[in-house]
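**Student:** Got a sequence here, can you build the structure:
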Amino acid sequence: RPGKVSGVLGAKGQTVAEGGPMLVLEAMKMENVLRAAGEGQVGAIHVSAGQAVEKDAVLIALAD
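**Tutor:** The predicted structure is shown next:
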């Protein structure tokens, strides 16, 4: 489902733990915190607060 980014909680280069909050996505009038799938360093942030996003879009990527 499409949604809107309410807030980006991480920054490029930041180290995150598995389950750490990455961003807040609003969809169907509910806010959902998206969390890191694994431990790593934020490699790229492809969205900003207020931006509309589509289903299956890459929002944040961890560095290899």
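
**Student:** Distance-wise, check the most centrally placed residue in the chain relative to Gln14.
**Tutor:** In the chain, the residue lying closest to the centroid (CA atoms, centre = their mean) is Leu23, at 3.9 Å. Counting by CB to CB, to the nearest Å, the separation of Leu23 from Gln14 is 12 Å. C-beta: built from backbone N, CA, C; applies to glycine.

**Student:** Report the contact partners of Val53.
**Tutor:** Under the criterion of CB atoms under 8 Å, 6 or more residues apart in numbering, the contact list for Val53 reads Pro2, Gly3, Lys4, Val5, Leu25, Val47, Leu59.

**Student:** scratch that, Asn32
**Tutor:** By CB under 8 Å, 6+ apart, the contact set of Asn32 is Val24, Leu25, Glu26.

**Student:** rerun that using 10 Å as the cut-off
**Tutor:** Asn32 is in contact with Gly3, Ser6, Leu23, Val24, Leu25, Glu26, counting by CB atoms under 10 Å, 6 or more residues apart in numbering.

**Student:** Just the buried residues of the residues you listed.
**Tutor:** Buried members of those, scored by 16 or more other CB atoms under 10 Å, are Gly3, Ser6, Leu23, Val24, Leu25.

**Student:** Please consider this matter closed, and thank you.
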